[in-house]
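In: prediction below, plus the sequence it came from.
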Amino acid sequence: MVITGGCLCKAVRYRISAAPIVTRVCWCRLCQYLGAGSGTVNTCFRKSAISIEGELCDYRSIADSGSVMHRSFCPACGTPMFSEAEARPHLVFIRSGTLDDAEVAKPAVTIWTSEAPSWACIDPSIPQVEGQPPPAA
Ligand SMILES: [Zn+2]
Ligand SMILES: [Zn+2]
C-alpha cells in the first residue's frame, strides 16, 4: 500500500507505505486558525512509514497538556502539512487535505467539540470527544 500527497505548490511531497491508523476532525481553537475558521481533518500514520521530499517550516507550541507540538507547513505556499507531538515521536498527523486521495481520510471521530463555535457542522454519525482523546497509538 502506498499513499501519496503534498502541498498546493508541489514543493513538498510525501509517500507513506502503511495504512492510516485513524482520521479525526479537530475543532480545537488552534485548528480553527489553520482551517480558516473550520475544524481540521487529520490522518495519523506511523512516522517510520513516511518519506518526505521538500523543505518545511516548523511552528513549535506547547499544548495545554504540556506536550511540545510541532506543526509544519510549506514555506512557499503556506499549506499546513504535519502535526507531531514530542511525547508521541512514533506518530505523525497529516493534514488530510494534502492527501492525493481524500477517500483515504474518512473521519472516525470529532475531537475538541467543546471549542467549536455554535454554527460548526459536526457529523452526528461518528463519536464526539469534548477535549483531547486518548493517544491514537
Ligand atoms: Zn507548497
Ligand atoms: Zn486541533
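Out: Done, it's in. Ligands and ions are numbered 1, 2, ... in the order given.
In: what are the contacting residues of the strand or helix carrying Val41?
Out: In the assignment (DSSP states H and E), Val41 maps to strand 40-46. For strand 40-46, the surrounding residues in contact (Cβ atoms under 8 Å, 6 or more residues apart in numbering) are 3, 16, 18, 20-26, 31, 34, 80, 83, 90-97, 99, 104-105, 107, 136-137. Using the backbone N, CA and C atoms, a C-beta is placed for each residue, glycine as well.
In: how about the spatially most central residue of the chain, nearest residue that isn't a chain neighbour?
Out: Centroid-nearest residue in the chain, with Cα atoms, centre = their mean: Asn42, separated by 3.1 Å. Distances taken as Cβ to Cβ, 6 or more residues apart in numbering place Phe93 nearest to Asn42, at 4.3 Å, with adjacent residues excluded.
In: which residues are in contact with that neighbour?
Out: Phe93 makes contact with 42-44, 82-84, according to Cβ under 8 Å, 6+ apart.
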